[in-house]
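S.K.: Okay, predicted coordinates and the sequence, questions at the end:
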Amino acid sequence: MDDKLREWLRTATEAHCPDRERMLARVERGMAEGPSARTPRAPQGPLRWLRVVGATAAVCGVLTVGAYAVTSTGAGQTRRGQVAASPVTSASAPAAPGRVHELRTEDGPLRVDGAVDPHSNAYWAQSNVTLRTTQPLSSLTVELRIAQTGGVNTTGSWRSLPEQDFTASAQERSGFLVYRWTLKPGRTVPIGTHMFAGQYNHAEGVRGADGDYITASAARTSGQQVSVGDDFTPDH
């Protein structure tokens, strides 16, 4: 209880002069009416005022808490909105998907290297795959993945090995333009260095190839499986 309220109560108590005759009359009247005739009355004077003050304080407390909750929720929504807006802003520049495994350029008799052809320009490019094998291969699958950095679409592909020995395809898949060459059953890849290349248009400007990569899996004529891969980092 603060000092102002204490002062008010003290003043009200000193100013109160009870009417003895009226009080006795009320007591006698109440006894005559009996308990059933009495009706509850709202408390008067300082006690009623205290209850009003308490109720007001409680309401103020609820309003204060409510205002804080609204303010906090509003701020949270603003922060969430800002966070949610970030992907929309960056949606025009797709992130390069991660690789599913570590790439190693050499495995047993097989080696692979990737490089962007020096004749590429601001609108068109060719990515070269150099495959070397020191043993004949009874099966071979080569995949060249070009990240969709904007405007990437195929303009063709080729290989140095006989065309009739391979099944070739080019299709969009999971944010990449994927070139695939698969050796047909009953054919053999001879010992030597062989080339595979994918050609494509792209958005105007210098295109970064650091999201591109290649993989190759093969089987020796003895049946042993090998697999290799490489990316297109600037040092190539």
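M.R.: It's in.

S.K.: residue boundaries of the helices in the protein?
M.R.: Using DSSP state H, the helices found in the chain span residues 3-15, 20-33, 45-89.

S.K.: Among the ones you listed, show the one with the smallest mean pLDDT.
M.R.: Least confidently modelled of the helices of the chain is helix 45-89, at a mean of 36 by mean pLDDT.

S.K.: Now for residue 157: which residues touch it?
M.R.: For residue 157, the contact set (CB atoms under 8 Å, 6 or more residues apart in numbering) comprises 168, 170, 179, 181, 196, 197, 198, 199. For the C-beta atoms, the positions are set from N, CA and C on the backbone; glycine is no exception.

S.K.: 10 Å - rerun?
M.R.: Residues in contact with residue 157 (CB atoms under 10 Å, 6 or more residues apart in numbering) are 126-127, 144, 168-170, 179-181, 196-200.

S.K.: Whichever of those residues end up buried, select them in ChimeraX.
M.R.: Only the buried entries of these go into this ChimeraX selection, using 16 or more other CB atoms under 10 Å:
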select :126,127,144,168,170,179,180,181,196,197,198,199,200
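
S.K.: want to throw the contacts of residue 157 into TSV with pLDDT?
M.R.: As requested, these are exported to TSV (pLDDT from 0 to 100):
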residue	pLDDT
126	97
127	97
144	98
168	98
169	98
170	98
179	98
180	98
181	98
196	98
197	98
198	98
199	98
200	98
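
S.K.: got the contacts of residue 157 as a markdown table, with distance to residue 217 columns?
M.R.: Conversion of those to a markdown table gives the following (distance: CB to CB, whole Å):
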| residue | distance to residue 217 |
| --- | --- |
| 126 | 23 |
| 127 | 19 |
| 144 | 13 |
| 168 | 16 |
| 169 | 16 |
| 170 | 19 |
| 179 | 15 |
| 180 | 11 |
| 181 | 12 |
| 196 | 14 |
| 197 | 19 |
| 198 | 18 |
| 199 | 23 |
| 200 | 23 |
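
S.K.: Which members of the contacts of residue 157 are the farthest-apart pair?
M.R.: Using CB to CB, the two most remote members of those are 126 and 169, lying 17.5 Å apart.

S.K.: Looking at the record's assignment, how would you partition this protein?
M.R.: 3-89, 106-231 (automatic domain parsing).

S.K.: correct me, but residue 145 touches residue 212?
M.R.: Yes - here residue 145 reaches residue 212: they are 6.2 Å apart, a contact under CB atoms under 10 Å.

S.K.: which residues are common contacts for those two?
M.R.: Common contacts of residue 145 and residue 212, defined by CB under 10 Å, 6+ apart, comprise 114, 127, 176, 177, 198, 231, 232.
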